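>>> need a 3D model of the sequence below.
(2 chains)
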Amino acid sequence: MNPVKSLKAQKSQLGESAFQLKVLNDKELLGNNVPLFRDKLEDINLFPLKPTKLEIFQINVGKMCNQVCKHCHVDAGPDRKEIMTRETMQKCVDIIAKYKFTTLDLTGGAPEMNNNFRWFIEEIRKVDAEIKIIVRCNLTIILANPKYHDLPVFFKKNNIEVVSSLPATSASRTDSQRGDGVFDDSIKALQMLNAVGYGMEGTGLNLNLVYNPAGAFLPAGQAGLEKEFKRVLKTKFNIEFNSLFAITNIPISRYLDYLLVSGNYAAYMEKLVAAYNPVAAVNVMCRNTLSIGWDGYLYDCDFNQMLELKVAAKSKHISEFDYDELSNRSIIVNQHCYGCTAGAGSSCGGEVA
Amino acid sequence: MKTYYNPDDLAKFGKIGEFGGKDLAKKFFDYYGETFKDGALTEREKSLIALAVAHTMQCPYCIDAYTADTLAKGCTEDEMMEAVHVSAALAAGVKLVHSVQMINKAKELMM
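Here you go, the predicted structure:
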C-alpha cells in the first residue's frame, strides 16, 4: 500500500532534511561498515570534488505530483504546494539565454502540474532553439486530467526529450513502488507517446525510460535491462522506446523511510559501499550539473536539493548567479553520495562508468 | 545466537584467497565472472538458472545472492518461482526415476 500523504504532511521526522542527514551518519544504526564518503574521494585525490564544466541545468519546478511513490527522493505528492513562480522561471530563462548549457532538465514533482510549465518551455525555446530540453514525465499525468491529454503533442512541438520512470514490466512490481493502477496508466501513456512518434525509429523524438529498483536492491547492468524491457514492452503492449537508464535509489527521504521501516537500511548502505566504484566517482553527474530548486536556490544535484544542502558559493540563488564562481565551487558530499558511485554508477542519465 | 550460516559471511566470499590458495581463488572467480556474462544465454537467463541451482544445492548464501540478482535483472515473481519449481520438479524426478530400478529389482524378486 502506497502512502497517501508526503512525509512532510504526515509530520514525520524524515520529512526534515536535518534528520535525514543525522540518520545517514548514525553509527548506532550503521556500525563501522560505512566509511565517510569524503574519505573515499580523498583516497583517489578527488576531494574536494570540483565541477568539470557546467553543462546541464536541472530545474525542479515544484514538488506537487499526482503520485505518491514509495521511493520518491523529493517527498512529492498532491499535498506539496511548493511551486516555482513565473518570476523565478524568467530568471532561469535569462541565465539560459546568457550561458551555453547543453541540456535543460526539467523535473518535479510532476513538472507539468506547474501552471507556467508550457509558458516556461516556450520561452526557453525562444532564447535557445538548440538546447536539449528533457522533461521527466511520470506518464500518468498525461491521463490524470483532460487538460494534460495533449502533452505528447506539446512535447513534440517543442522538441522535448521525454524521460519516464517504469521500474518493472509487470503491474504488481510497478504499482508496489508507484501506486495502484500506475502501471496500466503508464502503458496507456507510453502508447500515446508512441502514437505521435516518440520512441519510434527515424522520428528523432526520444523517449527514454528510467529503471529504479522496486525494493532494497541495486540495479543490474543497464544493457541487459534495456534489452528485456524492449522485448516485453514490444511483445505485450506494442510499445517502443529509445534507451533505458538504470538508476540506483538514493537513501534519502521516502526511500530512506522505506529502508528503515523494512529493516533494510544498514544492509543497503553496506551494499552501496561494497559496490563503490572509483571510476563512477570521477564521472558523477554533479560535476557537470547545476540544480535549481522551486524557490530559485542553487544546489549541486537534485538530492542535495532535497537535503537542503545549498551550493558552497556566495551565489546561492538564481538572482545572484555567478557562472565563474559556481564553476569553481566545491561540491558538497555526504553519505547519500554512495548511491551515485555504486557499480556502474548512477546519474539522471543512467550508468556513468 | 551462533549458527553455522552467518549472512555476513556472504560478503567475505570474495576474500577466501587471502587465507590460502590465492591463485586458485583468482582462477575460480575469473571463471565465475566469465560464466555469468552475456553469451549464448543472457545474464538474466543465467541468473534464473543460478537461482534454481541455489535451491537444488540448498545454499542460503546463493539463495540470498540470486534472489537479489534476479530482482535486479528485472525478473518477475512468476519467473523466479517457476525457476524454483524446475529445481523442485527435477529433484522429485530424480527420486522417482529411481523407482524404475526398484521396480526392476522387485520384478526380479517377485513371483
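>>> going forward, measure contacts between C-alpha atoms and count neighbours the same way
Noted.
>>> list the buried residues in whichever strand or helix holds B:Gly93.
Here B:Gly93, judged by DSSP states H and E, is contained in helix B:77-97. Buried residues in helix B:77-97, counted by 16 or more other CA atoms under 10 Å in any protein chain shown: B:80, B:83-84, B:86-88.
>>> can you give me the mean pLDDT across the helix or strand following that helix?
The first helix or strand that comes after helix B:77-97 along the chain, using DSSP H and E, is helix B:99-109. In this model, helix B:99-109 has a mean pLDDT of 96.
>>> any idea of the angle helix B:99-109 forms with helix B:77-97?
Orientation note: helix B:99-109 sits at an angle of 20 degrees relative to helix B:77-97 (axes from the mean of the first three to the mean of the last three CA atoms, to 10 degrees).
>>> before we move on, the earlier item: other SSEs contacting the helix holding B:Gly93?
The contact analysis (3 or more CA pairs under 8 Å, 6 or more residues apart in numbering or on different chains; DSSP states H and E) places helix B:77-97 against helix B:43-57.
>>> just give me how far the helix it packs on sits from the chain centre.
Its chain's average C-alpha position is 5 Å from that of helix B:43-57, according to CA atoms, centre = their mean, to the nearest Å.
>>> what's the first helix or strand after it?
Assigned by DSSP H and E, the successor of helix B:43-57 is helix B:60-72.
>>> buried residues, that next one. List them.
For helix B:60-72, burial by neighbour count (16+ other CA under 10 Å) applies to B:61-63, B:65-72.
>>> kindly reformat those residues as a markdown table containing distance to A:Phe229 and pLDDT.
Compiled in a markdown table, the buried residues of helix B:60-72 are given as follows (distance: CA to CA, whole Å; pLDDT from 0 to 100):
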| residue | distance to A:Phe229 | pLDDT |
| --- | --- | --- |
| B:Tyr61 | 28 | 95 |
| B:Cys62 | 26 | 96 |
| B:Ile63 | 25 | 97 |
| B:Ala65 | 22 | 94 |
| B:Tyr66 | 20 | 97 |
| B:Thr67 | 19 | 97 |
| B:Ala68 | 18 | 94 |
| B:Asp69 | 16 | 95 |
| B:Thr70 | 14 | 96 |
| B:Leu71 | 14 | 94 |
| B:Ala72 | 13 | 92 |
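>>> just put those residues in JSON lines and tack on distance to A:Asn45.
Shown next, in JSON lines, are the buried residues of helix B:60-72 (distance: CA to CA, whole Å):
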{"residue": "B:Tyr61", "distance to A:Asn45": "36"}
{"residue": "B:Cys62", "distance to A:Asn45": "37"}
{"residue": "B:Ile63", "distance to A:Asn45": "38"}
{"residue": "B:Ala65", "distance to A:Asn45": "33"}
{"residue": "B:Tyr66", "distance to A:Asn45": "35"}
{"residue": "B:Thr67", "distance to A:Asn45": "36"}
{"residue": "B:Ala68", "distance to A:Asn45": "33"}
{"residue": "B:Asp69", "distance to A:Asn45": "32"}
{"residue": "B:Thr70", "distance to A:Asn45": "36"}
{"residue": "B:Leu71", "distance to A:Asn45": "35"}
{"residue": "B:Ala72", "distance to A:Asn45": "32"}
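>>> from start to finish, how long is stretch A:16-33 in a straight line?
End-to-end distance for stretch A:16-33: 25 Å, by CA to CA, to the nearest Å.
>>> so does that stretch get close to chain B?
No. Judged by CA under 8 Å from any CA of the partner chain, stretch A:16-33 stays clear of chain B, getting no closer than 11.5 Å.
>>> pLDDT on that stretch, on average?
Mean per-residue pLDDT for stretch A:16-33: 94.
>>> before we move on, what about stretch B:78-95?
97.
>>> what sits up against that stretch?
B:48-49, B:51-53, B:55-56, B:70 (CA atoms under 8 Å, 6 or more residues apart in numbering or on different chains).
>>> just the residues you listed now: which is nearest B:Ala106?
Using CA to CA, B:Thr56 is the member of the contacts of stretch B:78-95 that sits closest to B:Ala106, with 29.6 Å.
>>> what does the stretch 201-350 of chain A put close to chain B?
So far as CA under 8 Å from any CA goes, the stretch 201-350 of chain A lies against chain B at A:213, A:217-221, A:224-225, A:228.
>>> for the stretch 101-250 of chain A, which segments count as helices?
Taking DSSP state H, counting those that start in this stretch as the test, the helices found in the stretch 101-250 of chain A are A:117-127, A:141-144, A:151-157, A:171-178, A:182-195, A:222-237.
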